[in-house]
Every structure is written in C-alpha cells, then in structure tokens.
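Chemist: here's a sequence, model it:
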Amino acid sequence: MKKQKITFTTIILALGCLTCSPFAHAVSPPPDGCYPGFTTAEGCGALNSLTTGAGNTGLGWRSLFLNSSASFNTGVGAGALILNNGDSNTAVGAVALLLNTSGTQNTAVGTDAMVFNDTGSNNTAVGAFALENAISGNYITAIGANAGTDQGIVSNNVYIGDPGFPGDENVISIGGIAASGTPYALTFIGGIYGGEVNTGTALPVYVDTDGHLGTNLVNASGKNVRARSPQSVLPQARLNEFQKQQKRIVELENVVARLAATVKDQAAQIEKVSAQLELRKPAGRVVTNKH
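Modeler: Okay, the predicted model is just below:
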C-alpha cells in the first residue's frame, strides 16, 4: 500500500478535533494564551495583528507583532519575527528574524540570527548572529556564531564556522575564514584515510593558499592553465595519461595475481605426483653377505 504524505495542515486539523474531547481541559487552571486558529500567544504584543493566519506561536515581547495573514510561524524571544508576514518561519532567540517581512521557510536559532533578513527564503542559521546581514539571499545554511555574516554573500551557500566572502554563490566553506578571527591550524576529517577510490575515475586534488580545493588548475584570471610550449602537455592530458597508467597497473597486478595462482596450482600438482611416485617405488632389498 502506497504511503500518503500527511501535510502539516492535516495534522493541525486533526489535532484541532481534540478540543472536542473531555480531556481538552485536563489541567487546572487551563493554559492561557490559547486562541482560535490553532494560535498560541504569550507576551506583551505577541501576535498583536493576527487576522486570518493559522498555526502561529508567538512567545515573547512583540514576537510576530505584525503577522496578520501568514501561517505556521513560530517566534520565541523578544522581537522574534516582529515584522513577519511570510509563512513557515521559525525564529528562536532575541530579535531572531526581526525584520523578516515576506521571506518563507527560514529557520533562525540564536540571538540576532538572520536579524536583517527581509525577503530571503529557505535559509537556516544556527548560532548567535548567524546570517546576521543576509537580506534577500536564498538557500543559505550557516552554522556557528557569526557564520555567514559577510554582507556580500549571495545565495545557495553553506558555511560552517565561516563568515563567508563577498560574492559567494554556490559555495561550501568550512572554516575557510575563521569567524573567531584566529586562523585554524589543523584539519581532521574522518572517513578519508584508507578509503577506496576507483583508479579509473580518480582525480588528483589540489589546494591553494586560500584553502580552496579543486581538481582543475586555473590561473589568476580563472582560465585553465595551458602549456608554455608546444612540447608541453596540457594538465588534463597528463591527467588522462596518469589514469591510463593507473589502469594498466591494475591490469598488470591482476595478471600477476592470476599467474601466481596458476604457479601455486601447478606446484601443488607436482607435489601430488611426486608423492604418488614415491609410493610406487619398489621396496629396497637388503643384501646379506654369506661366508
């Protein structure tokens, strides 16, 4: 039987039916801050402007203050999502997603996390001040205090302990620039040493002084590096030759392994035949001298 996807809206509607049960007010006194439309608000001015929005939770001074028609938002902390009117945002921390207006599906955890975001969507910021200066970027993930804070980053980036660099787009940076201001000295990544790599498709990996990794060599202008003379071979051609040599080595190793196995079998057969011949030899005669 094919499983059907259960939407968040369906779950909310199902939970709403529980209000008709005799256990709806089991605790005494019943909790306050419970309002129609699956709404919870607690704190001065929390969800002050709500009209048609559903499934929102505002906890803290003016959290989700201007949210009117947007749904499924959670703001926990003073000023969290205060200007928001976009759907499915989660802000936990003082002034997290403070200036978000129409951005959707953002998650900000930490003081000042994504504080200036306005229209950006599908972003995740975990850590105090993470993605603090992002305004309209999309699909950015920043983990760590001050991660992804550079004002010039664009979209579709991942930062771990790294503030980012102006113009970053489609970039993954793990501590490339230390957010703490103290450069990293060592790198340890498990699951690499001893790992198997297909020699037919393996590529050498280069690293420059900025810590940038890649498999193609380019010059300062970003163009592929070419040979200085006709006699020289292009890096890619050398790479192809290297791969061919590696493939030949593997093939030779396989041939040697097969030959070794054949020799071993032959030696076993010879030893077996020798043993049989020894058994067939006539018994030695003892000659006695008679006087």
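Chemist: going by C-alpha atoms from here, please, whenever you check contacts or count neighbours.
Modeler: OK.
Chemist: phi, psi for Leu279 please.
Modeler: Backbone torsions of Leu279, given as degrees, to the nearest 10, read phi -70, psi -30.
Chemist: tally of neighbours for it?
Modeler: Leu279: 10 surrounding residues under other C-alpha atoms under 10 Å.
Chemist: mind pulling up the pLDDT for Val233?
Modeler: On pLDDT, Val233 comes in at 42.
Chemist: mind listing what's buried in stretch 63-72?
Modeler: Neighbour counts using 16 or more other C-alpha atoms under 10 Å place 63-68, 70-72 of stretch 63-72 among the buried residues.
Chemist: one more: stretch 204-223?
Modeler: For stretch 204-223, the neighbour count (16+ other C-alpha under 10 Å) marks Leu217 as buried.
Chemist: give me the distance from it to the chain's centre.
Modeler: 22 Å (C-alpha atoms, centre = their mean, to the nearest Å).
Chemist: what's the answer for stretch 147-158, then?
Modeler: 16 Å.
Chemist: ok, now stretch 142-157?
Modeler: 15 Å.
Chemist: ends of it, how far apart?
Modeler: 8 Å (C-alpha to C-alpha, to the nearest Å).
Chemist: mind listing what's buried in that stretch?
Modeler: 142-151, 153-157.
Chemist: which residues touch the spatially most central residue of the chain?
Modeler: Per C-alpha atoms, centre = their mean, the C-alpha nearest to the average position across the chain is that of Val158, at 8.0 Å. Taking C-alpha atoms under 8 Å, 6 or more residues apart in numbering, we find Val158 in contact with 140-142, 171-173.
Chemist: which of the residues you listed has the largest number of neighbours?
Modeler: The most neighbours of any of the contacts of Val158, using other C-alpha under 10 Å, belong to Ala142, which has 30 neighbours.
Chemist: how near is that one to Gly86?
Modeler: From Ala142 to Gly86 the distance is 21 Å (C-alpha to C-alpha).
Chemist: same question for Leu186.
Modeler: From Leu186 to Gly86 the distance is 42 Å (C-alpha to C-alpha).
Chemist: repeat that for Gly152.
Modeler: According to C-alpha to C-alpha, Gly152 stands 24 Å off from Gly86.
Chemist: repeat that for Ser49.
Modeler: Distance from Ser49 to Gly86, counting by C-alpha to C-alpha: 14 Å.
Chemist: circling back to that earlier point, so between Leu186 and Gly86, which is more surrounded?
Modeler: Taking other C-alpha under 10 Å, Leu186 and Gly86 do not tie; Gly86 has more neighbours (25 against 5).
Chemist: does the residue nearest to that one when sequence neighbours are not counted belong to a helix, a strand or coil?
Modeler: Excluding the flanking residues, the one nearest Gly86 by C-alpha to C-alpha, 6 or more residues apart in numbering is Ser102, at 4.3 Å. Three-state call for Ser102 (DSSP: H, G, I helix; E, B strand; the rest coil): coil.
Chemist: doesn't Leu81 make contact with Ser102?
Modeler: No: using C-alpha atoms under 8 Å as the test, Ser102 is too far from Leu81 to be in contact (10.7 Å).
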